[in-house]
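1. A predicted structure for the sequence below; I have some questions about it.
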Amino acid sequence: MTDPDAFNITSSEPEARAPFRKSLSQDTASRLKATLKRPALNVVSDDAVVDDPLVKVKHTDYLSIKNALQERLLNEIGEQLAGGRDQDDISAIVQEFTTRILEAEHIPLNQAERNRLAQELTEEAIGLGPLASLLADPAVSDILVNGHQSVYVERFGRLEKTDVQFLDNDHVIRVIERIAAQMGRHIDTSSPMVDLRLSDGTRVNATLPPATIDGPTISIRRFGVRRLRRKDLLGLGMLSPDMATFLDLIVQGKRNLLISGGTGAGKSTLLGALSEAIPFHERIITIEDTAELQLDQEHIVRMETRQSNIEGKGRITARELVVNSLRMRPDRIIVGEVRGPEALDMLQAMNTGHEGSMGTIHANSPRDALSRLETMVLYAGTELPSRAIREQMVSALNILIQIRRYEDGVRRIESIAEITGLEGTTPLLQDIFQFRRRGVQKRRILGEFVSTGIVPRVVEDLRQQNLEVPLSLFTDQRT
């Protein structure tokens, strides 16, 4: 049987065990010694089925072992884990370290538990540490870390707190620095914010004090392994079949559209689904802050903005990319999100032969979207009068889609409106489709998508392109 005094941190031990003893508190050592006096020891997780309660070591003891090994891992072989090694090399180093320490300290773990411990320590060394289990859950769309003891996730449109915790704020900072370094970025107190994209498309934003005064934060926006397609959105209730048919015709007919909505409303998801209707022979150029769009077409050029480096150089703005894309013989220009002076160049492109362009914008209503777009044009430094800007918007844009995430977590298209012109200095909008809300049942919003009965003016343009537009799509369904 294992010697209970193996964890006696007060006795005279060989110096080789000193680092491990220092990382164990007196309280942790006492619990581990008590655990070692039990027969047939086996460290298992809380959700395992164990007949004999004496056989089961508490999950907190496993965490104590893991936390102590983690500290020693960083102290002893931290330098070996750096230096651009690939994941297989690091995994082998961590596996060897774990086996050596467990045997030297006589810690009673079976082979399966040792493999699990080595895997978790590897995640600490090269991955996102405690967040690895959350990233493995396909139902999790957002992970939000507010300091070391507060980790939230969003599942099916609802936020919930998890039991995942970091050791301390320094542990969170180490994870942030590791992510930034892997992406060739840097973050510290002098530059306390970073926004980047992982290799799988996951978007990560991180902050350090003094930007966030209560501690470091991590905000992770995940994207599914399989992107949501048009049929998936229909099944999820984001839009109706009539709306999907109409929007497909708009895209095929190379009409310009703008998708508006709040954060997390599903703008990029809808943009990707609508792009399915783009013919495969057309050349598409996408412009995004972080490349998220996944398209089926082969002839695609993906462009991405870049922040300044630590020396304040190397910045690439969305406006520069839009201007450059015009020299690349595009059939379609897709701007992932319009948020600055690139709005002027996008509108000018739409007005000068680059039809069928699409983009998204943050706004809570179609009116707000047009107002924000006008403000962004002014960011370009032009001194255009308000009427001239609005004339450009009305001439460039045909369809404005408003999308919203409702209280039940379901993302739905709230309205599809056509921009018909100016009345004085006010852009005119007419709703073609709407989501009509009826009530709530068991926290689920009840309602249906309806046509307003208005036949949009764009129908005539589509028919001139030999696209068949059934008027039954626009039958008035309001009661």
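-> That came in fine, so what should we check first? Numbering: from 1, shown residues only.
2. so which bits of stretch 271-291 are buried?
-> 271-275, 277-278, 284-291 (16 or more other Cβ atoms under 10 Å). For glycine as for every other residue, the C-beta is placed from the backbone atoms N, C-alpha and C.
3. quick one, strands of the stretch 351-479 of the chain?
-> For the stretch 351-479 of the chain, the strands defined by DSSP state E, counting those that start in this stretch occupy 358-362, 399-405, 411-423, 426-441, 444-451.
4. could you redo those strands as a markdown table and give each row mean pLDDT and mean neighbour count?
-> Conversion of the strands of the stretch 351-479 of the chain to a markdown table gives the following (pLDDT from 0 to 100; neighbours: other Cβ atoms under 10 Å):
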| stretch | mean pLDDT | mean neighbour count |
| --- | --- | --- |
| strand 358-362 | 95 | 23 |
| strand 399-405 | 96 | 23 |
| strand 411-423 | 95 | 20 |
| strand 426-441 | 93 | 16 |
| strand 444-451 | 93 | 16 |
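5. turn these into a markdown table, columns for distance to residue 222.
-> Below are the strands of the stretch 351-479 of the chain laid out as a markdown table (distance: least, Cβ to Cβ, whole Å):
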| stretch | distance to residue 222 |
| --- | --- |
| strand 358-362 | 18 |
| strand 399-405 | 16 |
| strand 411-423 | 15 |
| strand 426-441 | 26 |
| strand 444-451 | 24 |
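6. the most centrally placed residue in the chain bridge partners, please.
-> Nearest to the geometric centre of the chain sits residue 221, at 1.8 Å (Cα atoms, centre = their mean). Residue 221 has these beta-bridge partners by DSSP bridges: residue 142, residue 203.
7. residues contacting it?
-> Residue 221 sits next to 141, 142, 202, 203, 204, 264 when contact means Cβ atoms under 8 Å, 6 or more residues apart in numbering.
8. 10 Å instead?
-> Each residue near residue 221 by Cβ atoms under 10 Å, 6 or more residues apart in numbering is listed here: 141-144, 154, 197, 201-205, 263-264, 268, 290, 292.
9. ok, residue 265 next?
-> So residue 265 contacts 259, 360, 362, 364, 402-406, 411-414 (Cβ under 10 Å, 6+ apart).
10. same question for residue 206.
-> If you count contacts by Cβ under 10 Å, 6+ apart, residue 206 has them with 145, 172-173, 175-177, 179-180, 185, 187, 192-196, 212, 216-220.
11. cool, and residue 356?
-> Contacts of residue 356 (Cβ under 10 Å, 6+ apart): 250-257, 277-279, 282, 284, 330-334, 350, 398.
12. quick check: mean pLDDT of stretch 194-211?
-> Averaging pLDDT along stretch 194-211 gives 86.
13. ends of that stretch, how far apart?
-> 11 Å (Cα to Cα, to the nearest Å).
14. got the buried residues for that stretch?
-> In stretch 194-211, counting by 16+ other Cβ under 10 Å, buried: 194, 196, 197, 198, 201, 202, 203, 204, 206, 207, 208.
15. ok, which pair from those residues is furthest apart?
-> 201 and 208 (24.2 Å; Cβ to Cβ).
16. surely residue 426 touches residue 391?
-> No: using Cβ atoms under 10 Å as the test, residue 426 is too far from residue 391 to be in contact (11.9 Å).
17. tally of neighbours for residue 158?
-> By the criterion of other Cβ atoms under 10 Å, residue 158 has 11 neighbours.
18. just how off-centre is stretch 280-293 within its chain?
-> 18 Å (Cα atoms, centre = their mean, to the nearest Å).
19. now swap in stretch 220-235 and tell me
-> Worked out by Cα atoms, centre = their mean, stretch 220-235 lies 12 Å from the chain centre.
20. check stretch 192-209 too.
-> Counting by Cα atoms, centre = their mean, stretch 192-209 comes out at 10 Å from the chain centroid.
21. give me the distance between the two termini of that stretch.
-> Stretch 192-209: ends 7 Å apart by Cα to Cα.
22. and if you look at stretch 97-115?
-> End to end - Cα to Cα - stretch 97-115 spans 12 Å.
23. can you tell me the element residue 119 falls in?
-> Element membership of residue 119, judged by DSSP states H and E, is helix 111-126.
24. what packs against that helix?
-> Packing contacts for helix 111-126, counted by 3 or more Cβ pairs under 10 Å, 6 or more residues apart in numbering; DSSP states H and E, involve strand 42-43, helix 59-81, helix 87-104, helix 132-135, helix 169-182.
25. which of those has the lowest mean pLDDT?
-> strand 42-43 (a mean of 38).
26. can you read off the pLDDT for residue 143?
-> Model confidence at residue 143, given as pLDDT, is 94.
27. how about residue 381?
-> Value for residue 381, per-residue pLDDT: 84.
28. doesn't residue 340 make contact with it?
-> No: using Cβ under 10 Å, residue 381 makes no contact with residue 340, being 11.3 Å away.
29. between the two, who's got more neighbours?
-> Legend: neighbour count by other Cβ under 10 Å for residue 381 and residue 340, higher for residue 340 (15 against 8).
30. out of the buried residues of stretch 271-291, who's nearest residue 430?
-> residue 274 (20.3 Å).
31. go ahead and confirm the closest one touches residue 250.
-> Yes: under the criterion of Cβ under 10 Å, residue 274 makes contact with residue 250 at 8.2 Å.
32. what's the overlap in contacts for the two?
-> The contact lists of residue 274 and residue 250 share 257, 358, 401, where a contact means Cβ under 10 Å, 6+ apart.
33. check the residues you listed against residue 164 and report the nearest one.
-> The closest of these, once distances to residue 164 are taken by Cβ to Cβ, is residue 401, at 36.4 Å.
34. quick one, what contacts the residue nearest to that closest one when sequence neighbours are not counted?
-> Nearest residue to residue 401, sequence neighbours excluded (Cβ to Cβ, 6 or more residues apart in numbering): residue 259, at 4.7 Å. Counting by Cβ under 10 Å, 6+ apart, residue 259 touches 265-271, 274, 337, 358-361, 363, 369, 399-403, 413.
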